[in-house]
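S.K.: sequence unknown, structure follows:
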Ligand code: GTP
Ligand code: SPV
Ligand code: MN
């Protein structure tokens, strides 16, 4: 085995535990080469060139999309796989009724057998990475060992890579071990496994997204949620944004929406006409780590450094800042490839190309029956490209959160916006969230399921105890954020969205901020505080039929009867572990209705 330390001046991390683990993993997987990533630009160029040579990446039109590359994943490997994702805690109760559990010893043995000799003839990459800003007390170090050059190139964008991680770690043994092996991409041998007690992740058989970029869902949510419970903080599937008012007042908000339910779009929102002087700054678009600060407020950091965003539907009208962000240094995965070396997807600004290659590399024309881009096709782009990246995004202490928003994709039942009566009620609103399933995870799309706090696929421990942890956090936060519930996706009888969404969500955000600042009145309803119709800012909103706001805010008793029954299904599943407060909140809701 040749250790390729000299190439591009890489030097391996000097941490003895890291070196021992890398050595042990190399002995197991038997790569031809070991490549330690240092995060330099020279390394990026060399890796891109090598990925193009191998056919893993296609170079896009460098005049129009400088630094951009194109990738097609295996057609059977296009989304997260919840049925293959396991929490391998020592005790099954610790994983809880909403996670797949496997006995850790047996699962480890099975995975290590699969990993054995799996890198023969290949390069083993060692990616040191830091989740969170340099020198933040909230940041965490991980090492990902992978045989996928595509994973390395994505991790380079999504996390802070190389020396910064080694420096943060020093000689400490406190780092996450992540082993990723592509194997042969056979779905039968696809396992995404978490060992919370060992701070370890082993992922085999998938090269895509959250299955393979181990810093993201595996570490920053599943493992981090366990650490957060132990250490007194929250790891959440939340975007973080800052709203600046015309007077320069800044308010930070964190929002949990399930996968493909609008986090990236909300985080990068541009206020519409009529909101002169208002600005929305992005801190993060997918994950928030939140901890009470010394001043008694809740502070949040974005552990990531890039966006792994949904391509379809992204255009200059829905998300202009994303369109600017992905003009350079971006990897496009499973979108359509145009003959001029640029990219396209359903919902792009450009009309459908007369001809192109679809996400599987097959010729596509506007007459084709199938979509040109996969519904879960994505861009991987550095957050530094975002023209509205919050200046606070790198602040080690994070940003103070004044509002927490929960929202799902609900065609009926759930109003556009309401505010919780208090923290416990807010936790209840999050805990009972439902949402339609989307293409972000393999399986049926469009089915409503309970997705508490948008964390159903990402909570690394028992969901009942997770609710308890949320309730307990109240005691540690002197000035708790207010909690809100939103739904951008309510439809009329013809299946049309009642709310225009995207930039117009600024109107909802404006009410939320006014509530946080004690400036907006509200009416009490069975579900929570709601804006007074006459107070809600609809000024200048064109083509918004009279009565639509009433329809968006309507509480339909029949729908709510069904909703409570569906909430009960989750509560029954968790019953043994469910905090009593959740039962009280349910009773109060029933009584109010
Ligand atoms: P993940 O990266 O999977 O976690 O998704 P996300 O939560 O970041 O969702 P994203 O912002 O990428 O949006 C997902 C889909 O919802 C896209 O197709 C968007 O066009 C659409 N979408 C986002 N915001 C809105 C909205 O306000 N209204 C409507 N109707 N659609 C929206
Ligand atoms: C999600 O599914 O919530 C994502 C995409 O953000 S992935 O990284 O694949 O999990
Ligand atoms: Mn996500």
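M.R.: Thanks, I have it. All of these numbers come straight from a predicted model, not from anything done at the bench. Ligands and ions are numbered 1, 2, ... in the order given.

S.K.: measure the nearest residue to residue 476 once chain neighbours are set aside to ligand 1 for me?
M.R.: Nearest residue to residue 476 in three dimensions, chain neighbours excluded: residue 292, at 4.6 Å (C-beta to C-beta, 6 or more residues apart in numbering). No exception for glycine: its C-beta is placed from N, CA and C like everyone else's. Taking C-beta to the nearest ligand atom, to the nearest Å as the measure, residue 292 falls 26 Å from ligand 1.

S.K.: ok, now which ones touch residue 292?
M.R.: Applying C-beta atoms under 8 Å, 6 or more residues apart in numbering to residue 292 gives the contacts 232, 233, 298, 299, 473, 476, 477, 478.

S.K.: who wins for most neighbours among the residues you listed?
M.R.: Counting neighbours by other C-beta atoms under 10 Å, residue 298 leads the contacts of residue 292 with 26 neighbours.

S.K.: Quick check: bridge partners of that residue?
M.R.: Beta-bridge pairing for residue 298 (DSSP bridges): residue 292, residue 401.

S.K.: Those residues of the stretch 151-300 of the chain touching ligand 3, which are they?
M.R.: 259, 286 (C-beta under 5 Å from the ion).

S.K.: Okay, strands next: where are they in the stretch 251-400 of the chain?
M.R.: For the stretch 251-400 of the chain, applying DSSP state E, counting those that start in this stretch gives strands covering 279-284, 288-292, 298-301, 306-310, 331-333, 336-337, 343-344, 356-357, 363-364, 378-382, 399-407.

S.K.: Distance of the residue nearest to residue 366 when sequence neighbours are not counted relative to ligand 1?
M.R.: Excluding the flanking residues, the one nearest residue 366 by C-beta to C-beta, 6+ apart is residue 352, at 4.4 Å. Counting by C-beta to the nearest ligand atom, the separation of residue 352 from ligand 1 is 17 Å.

S.K.: Count the neighbours of residue 352 for me.
M.R.: 17.

S.K.: can you tell me which residue is nearest the centre of this structure?
M.R.: residue 286 (3.3 Å; C-alpha atoms, centre = their mean).

S.K.: Ignoring the adjacent residues along the chain, who's closest to it?
M.R.: residue 263 is the one closest to residue 286 (C-beta to C-beta, 6+ apart), at 5.9 Å.

S.K.: how close does that neighbour sit to ligand 1?
M.R.: Separation of residue 263 from ligand 1 (C-beta to the nearest ligand atom): 3 Å.

S.K.: quick one: pLDDT of that residue?
M.R.: Reported pLDDT at residue 263 in the predicted model: 98.

S.K.: ok, it - contacts?
M.R.: 237, 238, 239, 255, 256, 257, 285, 286 are the contacts of residue 263 under C-beta under 8 Å, 6+ apart.

S.K.: Max pairwise distance over the residues you listed: which two?
M.R.: 256 and 285 (12.2 Å; C-beta to C-beta).

S.K.: ok, now which ones touch the residue of the stretch 351-500 of the chain found nearest ligand 3?
M.R.: Among the residues of the stretch 351-500 of the chain, residue 440 lies closest to ligand 3, at 6.8 Å counting by C-beta to the ion. Shown in contact with residue 440 (C-beta under 8 Å, 6+ apart): 79, 80, 259, 260, 310, 376.

S.K.: Distance of the second one relative to ligand 3?
M.R.: This points to residue 80. Using C-beta to the ion, to the nearest Å, residue 80 is found at 9 Å from ligand 3.

S.K.: Residue 593 too?
M.R.: Taking C-beta to the ion, one finds residue 593 at 32 Å from ligand 3.

S.K.: now that residue, nearest residue through space, not along the chain?
M.R.: Nearest non-adjacent residue to residue 593, counting by C-beta to C-beta, 6+ apart: residue 526, 4.7 Å away.

S.K.: do residue 574 as well
M.R.: Nearest residue to residue 574 in three dimensions, chain neighbours excluded: residue 464, at 4.4 Å (C-beta to C-beta, 6+ apart).

S.K.: So for stretch 406-417, first residue to last residue, what's the gap.
M.R.: For stretch 406-417, the first-to-last residue distance is 10 Å (C-alpha to C-alpha, to the nearest Å).

S.K.: what does stretch 134-144 give?
M.R.: This stretch, stretch 134-144, spans 18 Å end to end (C-alpha to C-alpha).

S.K.: for the record, mean pLDDT for that stretch?
M.R.: Mean predicted lDDT for stretch 134-144 stands at 97.

S.K.: That one vs ligand 2: in contact?
M.R.: No. Contact of stretch 134-144 with ligand 2 (C-beta under 6 Å from any ligand atom) is absent, the minimum separation being 14.0 Å.

S.K.: Please point out which parts of that stretch sit buried.
M.R.: 136, 138, 139, 140, 141, 142, 143, 144 (16 or more other C-beta atoms under 10 Å).

S.K.: Keep only those of these that are in strands.
M.R.: 140, 141, 142, 143, 144 (DSSP state E).

S.K.: Excluding sequence neighbours, find me the nearest residue to residue 508.
M.R.: The nearest residue in space to residue 508 (C-beta to C-beta, 6+ apart) is residue 417, at 4.8 Å.

S.K.: hmm, which helix or strand of this structure has the shakiest average pLDDT?
M.R.: One helix or strand of the chain scores below all others by mean pLDDT, DSSP states H and E: strand 2-3, with a mean of 42.

S.K.: which non-adjacent residue is nearest residue 456?
M.R.: Leaving aside its sequence neighbours, residue 456 sits nearest to residue 98 (C-beta to C-beta, 6+ apart; 6.1 Å).

S.K.: scratch that, residue 358
M.R.: Residue 358's closest residue in space is residue 364 (C-beta to C-beta, 6+ apart), at 4.1 Å.
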